[in-house]
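J.: Got a sequence here, can you model it:
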Amino acid sequence: QLVESGGGLVQAGGSLRLSCSVLGFTFSQTTVAWFRQAPEKEREFVAAVTWRSGRGTYFADSVKGRFTISRDDAKNAVDLQMNNLNAADTGVYFCAAGATRAAHAMTDLSNIRLWGQGTQVTVSS
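T.: Model (predicted):
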């Protein structure tokens, strides 16, 4: 089970931190990603972090330099720190666990094994 938290309403230029708690399976060998879905748009990849040594990460071009992703194996959690938010970042953010060992491979939805329920992020301009 994946449980997201931390969404909310923020003004443009502000920051939010989302957290994904991983329950019930071996977190230490799971690659985790964040996706988002804006109204009437398809779900899109945001960022991913692998469990492998070095904690490889991968980001969508639209969030590079503004978002960071980190994982805490002791807490079984993955956080997404979002800075300098803009209206285009508005949407429901989903946590996803995958079977791949490569962070960039999480952009392929066929590698996703489990989805969270999502948390709403709204950026006001």
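J.: is it true that Thr90 touches Ser125?
T.: No. Assessed by CB atoms under 8 Å, Thr90 is found out of contact with Ser125, at 9.5 Å. Placement of C-beta: from N, CA and C, glycine included.
J.: Look up the closest residue to Phe59, ignoring the ones flanking it.
T.: What sits nearest to Phe59 in space, not counting adjacent residues and going by CB to CB, 6 or more residues apart in numbering, is Ala47, at 4.8 Å.
J.: now the residue nearest the centre of the chain: how far from Glu4?
T.: By CA atoms, centre = their mean, the chain has its centre lying nearest to Trp34, at 2.1 Å. Per CB to CB, to the nearest Å, Trp34 is found 9 Å from Glu4.
J.: show me what contacts the closest residue to Leu23 other than its chain neighbours?
T.: Leaving out its chain neighbours, the residue that sits closest to Leu23 by CB to CB, 6+ apart is Gln1, at 4.4 Å. By CB atoms under 8 Å, 6 or more residues apart in numbering, Gln1 lies in contact with 22-24, 114.
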